[in-house]
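Asker: the sequence isn't on hand, but the structure is:
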């Protein structure tokens, strides 16, 4: 054992030392190792509280102030000092005066008496309770979400990393990660306010904690994004059962303070970890999120991850990067499809349709792949403005190619997304651009999908009204596929209704579709709306639409979408009245009646 020789302190120095001990905020102690007797300074006694005997205190009595864990910590510190000559230091919780436990820091060293035989352990004790508790709060905040008290992303990733290491050591370790997002949470914040939204998040956290087993960890990443780690599952069926149970529990209505009841169900992505397939916990979250987004797209349910999901997400990410460069690389082009009067066969409008030849490829990227992506990323705003500017210039060219009798009446139809309509300056920008090309607002039709009005009706209704007041014609596109068709017609300044092509394609084969189309046409007549049938592909469909007195049609039966140069050729070839072929036989008589007004 390494000890220091105990020195005799001269009187003057002893008096000085006593003053230092009395004035110190720290307590001092000395333990005679042979007898276990502990001398305590007055400050040490004050820190430990009343109830200690006067004179030396038995070591065993002091040890009773420590719990089992603290005694083990003290024993380790003693052995390290005795056997390896390390500094004696220990951080312990001590029960003070029979009440609460407080944190103390002990420091000391072994010394020997003048006789070289008697051994002492001498040192100091400090009350570090406030410091230690503040440190504990900071450490807690580093790993937890302050609103819900759940673990945060950092802590969650650490636990996932622990599971991955265990799987590399033991192949039979099974775990599951659930990523979840709550449907319509933004709506709750927008309608009820953020205070109510915060309450809802806390109730969600309570339910997650209530469903956690000892092996589970619930986490909030931010907003309405949560995750759960179940570190010990029995297999895929067990994982599915626990995910479905949690989904059902979270779907039950939430009762908030003030008596509000809010329904807010979750979309849950499930990633089953059965073997050492992952090294990086960030990859685990990536794939769990991918499954969650697929669950959300499917209407809010539980969805297991599979490799095809990852491939689709990688393709979408690659597509997004390419789409961001498409405008500057001049990869976008416009094609035009005529809208034809079914009575006369004349071209009354052309719809601008964007095409993307990615990287110069001959086959264009399907519009239903990149247009939704452009809307989700906000790229549709820049793309939409490019389309409008280019198409307005093309309309001037197309009118110059058409017969004078109809050129002035030919209009341009532009598809407008909800993201564009939510831009504050959209109506002003469009009006200025139309004027710059020497055109009028009445020359332009703006086609807006019904779902745009349903999803963001309040936000875009004012813009729609401003556009209609300026003279633009608003068309409700894909009519019949949304959730509130009649409401859209009643509440918005709609002038044109375009019947979705799914009804037209089955028009002559299914009587119920015939009835739906006939009802829409009659409704349009009653409301003084212009009706356009989309997706007309046969003479039989034209005849059926004429019999219903549908006025306008559009589809491959008349023309495929064409580049502007070929559209110019089509208009030149259509004769002095811009009349296209492709109408059913009885139409010639209808043309004469329409032209003479008989």
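Answerer: Received it, and whenever you're ready, just let me know what you need. Predicted, not measured: the structure shown is a model, and the values here were computed from it. Numbers count the residues shown, from 1 in each chain.
Asker: from here on, contacts and neighbour counts on C-alpha atoms
Answerer: OK.
Asker: quick one, helices of the stretch 151-300 of the chain?
Answerer: 153-169, 185-192, 194-211, 236-251, 281-297 (DSSP state H, counting those that start in this stretch).
Asker: can you lay out those as CSV showing mean pLDDT?
Answerer: Formatted as CSV, the helices of the stretch 151-300 of the chain follow (pLDDT from 0 to 100):
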stretch, mean pLDDT
helix 153-169, 89
helix 185-192, 84
helix 194-211, 91
helix 236-251, 91
helix 281-297, 89
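Asker: as JSON lines, these with mean neighbour count and distance to residue 377 would be great.
Answerer: Formatted as JSON lines, the helices of the stretch 151-300 of the chain follow (neighbours: other C-alpha atoms under 10 Å; distance: least, C-alpha to C-alpha, whole Å):
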{"stretch": "helix 153-169", "mean neighbour count": "18", "distance to residue 377": "25"}
{"stretch": "helix 185-192", "mean neighbour count": "14", "distance to residue 377": "18"}
{"stretch": "helix 194-211", "mean neighbour count": "17", "distance to residue 377": "25"}
{"stretch": "helix 236-251", "mean neighbour count": "17", "distance to residue 377": "29"}
{"stretch": "helix 281-297", "mean neighbour count": "21", "distance to residue 377": "15"}
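Asker: could you export the ones you listed as CSV, including distance to residue 448?
Answerer: Compiled in CSV, those are given as follows (distance: least, C-alpha to C-alpha, whole Å):
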stretch, distance to residue 448
helix 153-169, 40
helix 185-192, 22
helix 194-211, 31
helix 236-251, 33
helix 281-297, 22
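Asker: of those, give the one that comes closest to residue 373.
Answerer: In terms of C-alpha to C-alpha, the element of those nearest to residue 373 is helix 281-297, at 13.4 Å.
Asker: just want the angle from the closest one to helix 153-169.
Answerer: 110 degrees (axes from the mean of the first three to the mean of the last three C-alpha atoms, to 10 degrees).
Asker: show me what helix 281-297 is packed against.
Answerer: Other helices and strands packing on helix 281-297, by 3 or more C-alpha pairs under 8 Å, 6 or more residues apart in numbering; DSSP states H and E, are helix 153-169, strand 175-182, strand 266-273, strand 302-304, helix 307-326.
Asker: out of the helices of the stretch 151-300 of the chain, nearest to residue 383?
Answerer: Across the helices of the stretch 151-300 of the chain, closest to residue 383 is helix 281-297 (C-alpha to C-alpha), at 24.4 Å.
Asker: ok, back up a step: looking at the helices of the stretch 151-300 of the chain, spot the one closest to residue 420.
Answerer: Among these, the nearest to residue 420 by C-alpha to C-alpha is helix 185-192 (20.0 Å).
Asker: and the contacts of the helix or strand harbouring residue 46?
Answerer: Secondary structure from DSSP states H and E places residue 46 in helix 42-48. Under the criterion C-alpha atoms under 8 Å, 6 or more residues apart in numbering, residues 22, 24, 25, 26, 27, 28, 29, 52, 96, 97, 125, 127 lie in contact with helix 42-48.
Asker: quick one: those residues as TSV, columns for secondary structure, distance to residue 513 and neighbour count too.
Answerer: Below are those laid out as TSV (DSSP: H, G, I helix; E, B strand; the rest coil; distance: C-alpha to C-alpha, whole Å; neighbours: other C-alpha atoms under 10 Å):
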residue	secondary structure	distance to residue 513	neighbour count
22	helix	99	14
24	coil	94	10
25	coil	90	14
26	coil	90	17
27	strand	92	23
28	strand	94	23
29	strand	95	21
52	coil	94	15
96	coil	84	18
97	coil	86	15
125	strand	88	22
127	strand	83	20
